[in-house]
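Participant: For reference, the sequence and a predicted model appear below.
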Amino acid sequence: MFNNTLSLSDFKLLRGLINERSGIFLSDAKQNFLAIRLNYRLETCKLSTFKEYYYYLKYDPKGNEELQNLINAVSINETYFFRDSEQLNIFKNHILPTLMNNKSKQGKRELKIWSAACSTGEEVYSLAMIVSDVLGRAIVDWDVEITATDISTSALVSARRGLYDDYALRETKLSYLNKYFEKSGSEKYQVKNEIKKLINFGQINLVNTLSTRRIINMDCIFCRNIIMYLDMESRRRVIENMYRSLNQNDGYLFLGQAENLREIESPFQPRYYDGTIIYQKQVGVGLLEAEAA
């Protein structure tokens with residue numbers, strides 16, 4: 001394993017590439033973090049210095065492919081099933097019943113949910129299990145569409161596999177574990193096909209408006225623990241993209257517990273449930289009208 005020193009100047013060059021590609025902003029305090037993550041990439045690419053690596057990313061024909069490996073290396077994938085259970089309880093006990101009731105009144109039986117930064121899949125499988133639990137046998141009468149995306153291709157490989165250890169399941173109720181998982185070997189659990197078939201996985205860059213425009217009419221979007229890692233302009237763009245992707249009548253946005261929209265001019269309306277903020281799209285108001293209001 002190489003153990004090169006990453007100079008401040010090279011750190012800023014690489015940080016700029018990461019930010020340009022993904023919207024992720026690494027503070028100066030992340031210099032050593034980046035060096036540790038990238039030493040393996042230098043070895044794999046058979047390069048000697050971080051400067052060489054930067055030029056490889058910029059000008060080599062394979063640089064764009066390697067840039068994705070760089071994004072994979074710096075993406076934060078700390079997650080587990082039923083993380084931030086207070087939010088998920090609100091989704092289960094308040095948001096989901098409200099959506100189902102409104103749709104039933106309209107003669108519709110479709111439900112569209114987007115896990116926008118699904119990482120290795122724990123969040124989106126948790127959501128699918130909650131939907132299945134709430135709908136019960138009536139799920140066969142509903143058109144349930146759950147979209148799961150992430151910028152990291154390596155994280156998506158793990159998500160599609162749906163195989164987890166005890167640590168990822170440390171907050172999972174025994175009833176869910178018995179109902180929606182199958183034991184695989186002595187230490188792994190496999191998500192059952194009845195849950196996996198509800199989900200469509202795909203790679204996406206949330207900062208890229210063009211790539212998010214194909215995701216439309218969502219009833220609920222979970223974009224948790226991602227905007228905190230973005231620069232302010234990227235945060236604004238992501239929130240605008242989330243707004244456009246929600247359905248025209250209403251729709252809900254879940255951010256991470258440590259995230260909010262106080263520093264971003266946003267057309268979302270905050271809704272408070274037991275001290276937790278969930279953001280709702282203004283009924284009948286488009287993005288331009290909301291910004292002008």
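Facilitator: Great, that's in hand. Residues are numbered from 1 along each chain as shown.

Participant: Just the helices from the stretch 101-250 of the chain, written as ranges.
Facilitator: Along the stretch 101-250 of the chain, the stretches classed as helices by DSSP state H, counting those that start in this stretch are 122-135, 153-161, 174-180, 193-196, 209-212, 232-245.

Participant: For the stretch 151-293 of the chain, which segments are assigned as strands?
Facilitator: Using DSSP state E, counting those that start in this stretch, the strands of the stretch 151-293 of the chain run over 163-165, 181-184, 188-191, 199-203, 220-223, 252-255, 269-273, 276-280.

Participant: Of all those strands, which one is nearest residue 17?
Facilitator: Closest to residue 17 of the strands of the stretch 151-293 of the chain is strand 199-203 (Cβ to Cβ; 18.3 Å). Any C-beta I mention is one placed from the backbone N, CA and C, and that applies to glycine too.

Participant: For my notes, please list the strands of the stretch 151-293 of the chain in CSV and give mean pLDDT for each entry.
Facilitator: Below are the strands of the stretch 151-293 of the chain laid out as CSV (pLDDT from 0 to 100):
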stretch, mean pLDDT
strand 163-165, 97
strand 181-184, 95
strand 188-191, 97
strand 199-203, 97
strand 220-223, 98
strand 252-255, 97
strand 269-273, 93
strand 276-280, 94
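
Participant: For residue 60, give me phi and psi.
Facilitator: phi -80, psi 140 (degrees, to the nearest 10).

Participant: Equivalent analysis for residue 118, please.
Facilitator: phi -80, psi -10.

Participant: Around it, how many other residues sit close by?
Facilitator: Number of residues near residue 118 (other Cβ atoms under 10 Å) recorded here: 27.

Participant: Now do the same contact list for the nearest residue to it once chain neighbours are set aside.
Facilitator: Excluding the flanking residues, the one nearest residue 118 by Cβ to Cβ, 6 or more residues apart in numbering is residue 148, at 3.9 Å. Each residue near residue 148 by Cβ atoms under 8 Å, 6 or more residues apart in numbering is listed here: 114-115, 118, 121, 124, 159, 199-202.

Participant: again, 6 Å this time
Facilitator: Neighbouring residues of residue 148 by Cβ atoms under 6 Å, 6 or more residues apart in numbering: 115, 118, 124, 199, 201.

Participant: List just the nearest of those residues to residue 74.
Facilitator: residue 118 (17.3 Å).

Participant: Assess the claim that the closest one and residue 151 are in contact.
Facilitator: No. Between residue 118 and residue 151 there is no contact under Cβ atoms under 6 Å: 10.3 Å.

Participant: So residue 204 versus residue 264, what's the distance?
Facilitator: 20 Å (Cβ to Cβ, to the nearest Å).
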